[in-house]
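1. Here is a sequence together with a model predicted from it:
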Amino acid sequence: MAKEAEYAIEVENLTKRYGDLLAVNDISFNVRKGEVFAFLGPNGAGKTTTAEIVETIRRPTAGKVRLLGMDVTEEKRGIVSCIGVLPQGFGSFDRITVRETMQFYSRLFLRRNADIDRLIELVNLKDKAKEQYMKLSGGLKQRLGIAIALVNDPEVVFLDEPTTGLDPRARREVWEVLLGLKKEGKTVFLTTHYMEEAELLADTVAIISKGKIIAMDSPIGLIESNADYLVLTLQSVDEKAFEIVGKMGFEPELNNHKGINIKVEQPDDIRKILNTMTDAGVALLSMDVRKPNLEKVFLKLTGEALDEGAPGGKEAQ
């Protein structure tokens, strides 16, 4: 009996050109079955283009891509039947209800026996089943879009910037739905430019910049291997605190909460700073020590910060 393949998606030396534009530059990666795989990068990095090639929407210029063992350039019919897609800018018909929307798409995808009630409950829209699409908030519309992407019971789900433009509460509600997909055993291919989203949801994160994958690992693995320091955050009403830290040879930075962030390479440095503050009579309101997050890793690897407030516009095609 043949061993079941470990990977849902296999990408080898994938390249995509649009004339003189090299959108995807010789990238390779694998996505394990049942994991959440996140492509993290700014708009124009090549995330959407790569996803659309795997989805069979676009043809690669070079390289090999297989989904569930099927070649995306030769077995499109078989692939389309076992994937679900939530594209950027998802929209539906204004004057039909959530339930009617699901019924429409189940017929469109030839899935008349789809368990619509279960899908509506899965995305936490049971109390909105009779609500018209146009009356839903942005977050509710995205949750409906995810339900539609699941109507054909796909093995692999593609979500392209699913929380762009949502307020923090709606974004977290969508995250809960995505975590639910993982519990269902779905393989999720997520493209995002939100650091926190990738860090919270993904088993594996691939950082992509200018068409190249520059790092790939678990969120914790990326942080551990690329940020060999700690960040000490101090909150004090005494303005002398900033000056004292600077005189010790560190480079303090003011944060958005009028606190001080200090990069320390040795745990013993934390004790030295705190002792110096005590000796100088500086009162501390609070302190926090933690590893840096994915944002710091991305900045180190790419030399640029992600603008998480930017609209999730379509990448250059």
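-> That came through fine.

2. all strands in the protein, in order from the N-terminus.
-> Secondary structure of the chain (DSSP state E): strands at 7-18, 21-32, 36-40, 62-67, 70-71, 83-86, 156-160, 187-192, 204-209, 212-217, 230-236, 253-254, 260-264, 284-290.

3. who wins for proximity to Tyr105 among those strands?
-> Nearest to Tyr105 among the strands of the chain is strand 83-86; the distance by Cβ to Cβ comes to 10.5 Å. No exception for glycine: its C-beta is placed from N, CA and C like everyone else's.

4. on that earlier part again, how about TSV for the strands of the chain, with mean neighbour count and mean pLDDT added?
-> TSV is the format used below for the strands of the chain (neighbours: other Cβ atoms under 10 Å; pLDDT from 0 to 100):
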stretch	mean neighbour count	mean pLDDT
strand 7-18	18	97
strand 21-32	17	96
strand 36-40	26	95
strand 62-67	18	97
strand 70-71	16	96
strand 83-86	21	93
strand 156-160	24	95
strand 187-192	26	95
strand 204-209	23	94
strand 212-217	18	95
strand 230-236	18	87
strand 253-254	12	87
strand 260-264	19	90
strand 284-290	12	86
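
5. Dump those strands into JSON lines; add distance to Glu224 as well.
-> Compiled in JSON lines, these are given as follows (distance: least, Cβ to Cβ, whole Å):
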{"stretch": "strand 7-18", "distance to Glu224": "24"}
{"stretch": "strand 21-32", "distance to Glu224": "20"}
{"stretch": "strand 36-40", "distance to Glu224": "17"}
{"stretch": "strand 62-67", "distance to Glu224": "30"}
{"stretch": "strand 70-71", "distance to Glu224": "35"}
{"stretch": "strand 83-86", "distance to Glu224": "31"}
{"stretch": "strand 156-160", "distance to Glu224": "27"}
{"stretch": "strand 187-192", "distance to Glu224": "21"}
{"stretch": "strand 204-209", "distance to Glu224": "13"}
{"stretch": "strand 212-217", "distance to Glu224": "9"}
{"stretch": "strand 230-236", "distance to Glu224": "12"}
{"stretch": "strand 253-254", "distance to Glu224": "22"}
{"stretch": "strand 260-264", "distance to Glu224": "16"}
{"stretch": "strand 284-290", "distance to Glu224": "13"}
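
6. For Thr97, which of those is the nearest?
-> Comparing the strands of the chain by Cβ to Cβ, strand 83-86 comes nearest, at 19.5 Å.

7. CA atoms only: put that closest one into PDB for me.
-> Presented in PDB, the C-alpha positions along strand 83-86 are these (Å, rounded to 0.1, in the frame of the first residue of the first chain):
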ATOM      1  CA  ILE A  83      -9.800  23.600  -3.300                       C
ATOM      2  CA  GLY A  84     -11.700  26.600  -1.900                       C
ATOM      3  CA  VAL A  85     -10.700  30.200  -2.500                       C
ATOM      4  CA  LEU A  86     -11.500  33.500  -0.800                       C
END
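
8. Parallel or antiparallel, list what pairs with that strand.
-> Here strand 83-86 is paired, per DSSP bridges, with strand 156-160 (parallel).

9. my guess is Gly246 meets Pro252, correct?
-> Yes - counting by Cβ atoms under 8 Å, Gly246 touches Pro252, with 5.9 Å between them.

10. Looking at those two, which is more packed in?
-> Pro252 (20 against 13; other Cβ atoms under 10 Å).

11. Which residues are in contact with the nearest residue to that one once chain neighbours are set aside?
-> Excluding its sequence neighbours, the residue lying closest to Pro252 (Cβ to Cβ, 6 or more residues apart in numbering) is Val245, at 4.3 Å. Counting by Cβ atoms under 8 Å, 6 or more residues apart in numbering, Val245 makes contact with Leu234, Pro252, Ile260, Ile262, Ile273.
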